[in-house]
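S.K.: requesting a structural model of the entry that follows:
(one chain, ligands or ions: 2)
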Amino acid sequence: MRAVVIPEKEVVEVTTVDDPAPGARDVVVQVAGCGICGTDLHILEGEFAPSLPLVPGHEFAGEVVAVGADVRDLAAGDRVAVDPTLNCGECRQCRLGRFNLCERWRAIGVSDPGGAAEFAVAPEANCVKLPEAVSTRDAALIEPLSCAVRGYDVLRMRLADHVLIYGSGTMGLMMLQLAKRSGAATVDMVDVNAQRLETARELGVSAVATSADELDRGRWDVVIDCTGVVAAIQDGLRRVAKAGTFLQFGVTETAAKVEIDPYRIYNEEITITGSMAVNQSYERAAELFLDGVVPPEVFISDRLPLGQYSEALDRMRRGVGRKIQVLPGE
Ligand SMILES: [Zn+2]
Ligand SMILES: [Zn+2]
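M.R.: Ligands and ions are numbered 1, 2, ... in the order given. Now for the predicted structure:
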């Protein structure tokens with residue numbers, strides 16, 4: 001089959017590899033669409049993946065074309081979206097239900113062969129069946145949405161909270177949609193690139209600015225970083241209101257450092273927290289997706305054939321558009 005392979009840091013190849021075979025409880029998915037995200041850039045830079053070479057792609061959906069001997073509920077022809085998380089189920093974190101923090105955490109497209117290929121293997125247990133009304137390739141949006149849902153699990157937002165989001169890329173916009181769903185009184189958004197804020201407007205953001213200084217509200221109950229950029233994080237930390245929460249959602253470089261004010265954290269009971277990937281949130285993200293919380297025509301800006309994976313990464317790196325997909329069938 002044709003697949004994207006990252007053989008070593010900063011190298012992308014589109015090449016031919018062996019077709020995958022399913023294990024007893026696995027299915028083989030013919031990938032219809034695979035999203036690109038910041039994590040793929042980190043993997044390319046050698047930062048996140050445990051080992052290379054790797055077939056990347058952790059955001060995908062497709063049609064089941066083969067099933068293992070012990071697969072019970074899926075059959076060839078079913079269309080599915082795939083939760084990429086592969087946790088061990090046995091370590092302390094798994095036993096406490098924190099599967100995303102598994103001591104042996106792996107993920108399809110991060111440590112194991114992913115969806116930037118014609119076919120990918122996934123455990124049956126990781127697949128959510130798609131109803132008729134949903135376009136298969138669009139359903140690749142469920143994975144990033146499930147990360148955002150996990151973020152809100154960590155936040156435990158309250159009705160009528162005021163929310164500030166840094167970064168109006170795909171994840172920032174998903175956070176915006178979920179903030180509205182979570183009953184936010186207002187959701188404001190900051191992005192240094194004014195052009196990127198247009199989509200936020202389209203989706204009904206309360207106010208946008210290229211710097212939080214331009215916004216009326218001085219401090220917010222919930223501040224979410226979706227940039228992974230130190231300057232934005234540093235700015236956001238000082239804008240958290242009393243008893244408020246700062247959520248680190250964007251992925252920084254592993255060695256990034258920011259300053260905090262321990263006195264304020266104490267005196268104003270401020271929470272600084274983070275959320276990593278998906279934990280028991282994929283199923284719910286699928287429900288929200290089916291309910292139209294992230295309209296694909298707004299969220300997916302670019303669709304490229306698999307052969308243009310490098311170009312897709314490049315657009316991602318340059319901050320072009322919103323969610324960029326590669327289509328292995330084209
Ligand atoms: Zn991702
Ligand atoms: Zn585990």
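
S.K.: and stretch 189-199, how far apart are its ends?
M.R.: 11 Å (C-alpha to C-alpha, to the nearest Å).

S.K.: and for the residue of the stretch 201-330 of the chain found nearest ligand 1, the neighbour number?
M.R.: In the stretch 201-330 of the chain, the residue that lies nearest ligand 1 is residue 277 (8.2 Å; C-beta to the ion). Placement of C-beta: from N, CA and C, glycine included. For residue 277, the tally of surrounding residues (other C-beta atoms under 10 Å) stands at 21.

S.K.: just checking, it touches residue 101?
M.R.: No. Checked against C-beta atoms under 8 Å, the pair residue 277 and residue 101 is beyond contact range at 9.2 Å.

S.K.: just the local confidence number for the residue of the stretch 201-330 of the chain closest to ligand 1, please.
M.R.: Residue 277 is assigned 93 on the pLDDT scale.

S.K.: who are the neighbours in contact with the residue nearest to residue 311 when sequence neighbours are not counted?
M.R.: Leaving aside its chain neighbours, residue 311 sits nearest to residue 304 (6.2 Å; criterion: C-beta to C-beta, 6 or more residues apart in numbering). With contact set as C-beta atoms under 8 Å, 6 or more residues apart in numbering, residue 304 has these partners: 311, 312, 324, 325, 326, 327.

S.K.: one more time with 10 Å
M.R.: With contact taken as C-beta atoms under 10 Å, 6 or more residues apart in numbering, residue 304 is in contact with 36, 310, 311, 312, 315, 324, 325, 326, 327, 330.

S.K.: so it, which state does it fall into?
M.R.: In three-state terms, and counting by DSSP: H, G, I helix; E, B strand; the rest coil, residue 304 is strand.

S.K.: ditto for residue 63
M.R.: Per three-state DSSP, residue 63 ends up strand.

S.K.: okay, now it: neighbour count?
M.R.: 18.

S.K.: repeat that for residue 190.
M.R.: Counted with other C-beta under 10 Å, residue 190 comes out at 28.

S.K.: list the contacts of it.
M.R.: 164-168, 172, 197, 200, 207-215, 223, 225, 227, 232, 235-236, 239.

S.K.: so which of the residues you listed sit within strands?
M.R.: 164, 165, 166, 207, 208, 209, 223, 225 (DSSP state E).

S.K.: residues contacting the fifth one?
M.R.: What that stands for is residue 208. 165, 168, 187-191, 194, 196-198, 200-201, 214-215.

S.K.: buried ones only from those residues, please, as a PyMOL command.
M.R.: Restricted to buried positions by 16 or more other C-beta atoms under 10 Å, the PyMOL selection for those reads:
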select buried, resi 165+168+187+188+189+190+191+196+197+200+215
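
S.K.: keep only those of the contacts of residue 208 that are in helices.
M.R.: If you go by DSSP state H, the contacts of residue 208 have 197, 198, 200, 201 in helices.

S.K.: skipping adjacent residues, who's closest to the first one in space?
M.R.: If the residues on either side of it in the chain are set aside, residue 197 comes closest to residue 208, at 4.1 Å by C-beta to C-beta, 6+ apart.

S.K.: what mean pLDDT does stretch 109-123 get?
M.R.: So the average pLDDT for stretch 109-123 ends up being 97.

S.K.: distance check, the residue nearest the centre of the chain against ligand 2.
M.R.: Residue closest to the average C-alpha location in the chain (C-alpha atoms, centre = their mean): residue 144, at 2.8 Å. Residue 144 sits 23 Å away from ligand 2, going by C-beta to the ion, to the nearest Å.

S.K.: low-confidence ranges, the stretch 51-200 of the chain, go.
M.R.: Counting by pLDDT under 70, the stretch 51-200 of the chain shows no low-confidence range.

S.K.: and the ones in strands among the contacts of residue 190, which two are furthest apart?
M.R.: Greatest spatial distance among the ones in strands among the contacts of residue 190 (C-beta to C-beta): 207 and 225, at 17.8 Å.

S.K.: contact residues of this structure facing ligand 2?
M.R.: 87, 88, 91, 94, 102 (C-beta under 5 Å from the ion).

S.K.: of all those, which two lie farthest apart?
M.R.: 87 and 91 (8.1 Å).

S.K.: between these two, which one's more packed in?
M.R.: residue 87 (20 against 16).

S.K.: quick one: the nearest residue to residue 70 once chain neighbours are set aside and residue 56, what's the gap?
M.R.: What sits nearest to residue 70 in space, not counting adjacent residues and going by C-beta to C-beta, 6+ apart, is residue 24, at 4.3 Å. Distance, residue 24 to residue 56, using C-beta to C-beta, to the nearest Å: 26 Å.
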